[in-house]
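[1] Fold the following and give me the result.
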Amino acid sequence: VQLVESGGGLVQPGGSLRLSCVASGFTFSRCDMSWYRQAPGKERELVARISSGGGTTNYADSVKGRLTISRDNAKNTVYLQMDSLKPEDTAVYYCYTRTNYYKDRPGDYWGQGTQVTVSS
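    Below is the predicted model:
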């Protein structure tokens, strides 16, 4: 199983970024996917989750209305569109999944993370 994030960087407050996570090694279309983040000195927290088919999404209260999770099962990719970014969004962002489809080896998997820095 591999989860490879990209798209992080430095952006000014109010700006936008789109993170991508390309998945391989498991049946992507059968797994819920999530984005987490971890800021310096803080615990890792759930940012957004999307169901396997994309029909259900959940967000942390702190990002509702600004961040949007989506997926393309044909491309084995999950996205996080980040708009109206704030300095407090600065963190390393991680892609996560728990595999439980009968064809896959069960487990919890994380990407390597991508840094997002919001600063003027």
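
[2] hey, let's count contacts and neighbours off CA atoms from now on
    Will do.

[3] Give me the buried positions along stretch 1-8.
    Across stretch 1-8, burial judged by 16 or more other C-alpha atoms under 10 Å covers 1, 3-6, 8.

[4] from memory residue 32 sits against residue 49, does it?
    Yes: Residue 32 lies in contact with residue 49 (C-alpha atoms under 8 Å); the separation is 7.1 Å.

[5] Now render the buried residues of stretch 1-8 as a markdown table, adding pLDDT and secondary structure.
    Below are the buried residues of stretch 1-8 laid out as a markdown table (pLDDT from 0 to 100; DSSP: H, G, I helix; E, B strand; the rest coil):
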| residue | pLDDT | secondary structure |
| --- | --- | --- |
| 1 | 94 | coil |
| 3 | 97 | strand |
| 4 | 97 | strand |
| 5 | 97 | strand |
| 6 | 97 | strand |
| 8 | 97 | coil |
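
[6] and which of these is nearest residue 99?
    Nearest to residue 99, judged by C-alpha to C-alpha, of those is residue 1 at 9.4 Å.

[7] Residue 36 touches residue 46, doesn't it?
    Yes: using C-alpha under 8 Å, residue 36 is in contact with residue 46, at 4.4 Å.

[8] and residue 110, what pLDDT?
    With respect to pLDDT, residue 110 scores 98.

[9] count of residues packed around the closest residue in space to it that isn't next to it in sequence?
    Leaving aside its sequence neighbours, residue 110 sits nearest to residue 96 (C-alpha to C-alpha, 6 or more residues apart in numbering; 4.6 Å). Residues near residue 96, counting by other C-alpha atoms under 10 Å, number 22.

[10] Could you look up the SS state of residue 96?
    For residue 96, the assignment made with DSSP: H, G, I helix; E, B strand; the rest coil gives strand.

[11] Tell me how far it lies from residue 45.
    Using C-alpha to C-alpha, to the nearest Å, we find residue 96 at a distance of 11 Å from residue 45.

[12] anything in contact with each of these two?
    Jointly contacting residue 96 and residue 45 under the rule C-alpha atoms under 8 Å, 6 or more residues apart in numbering are residue 36.
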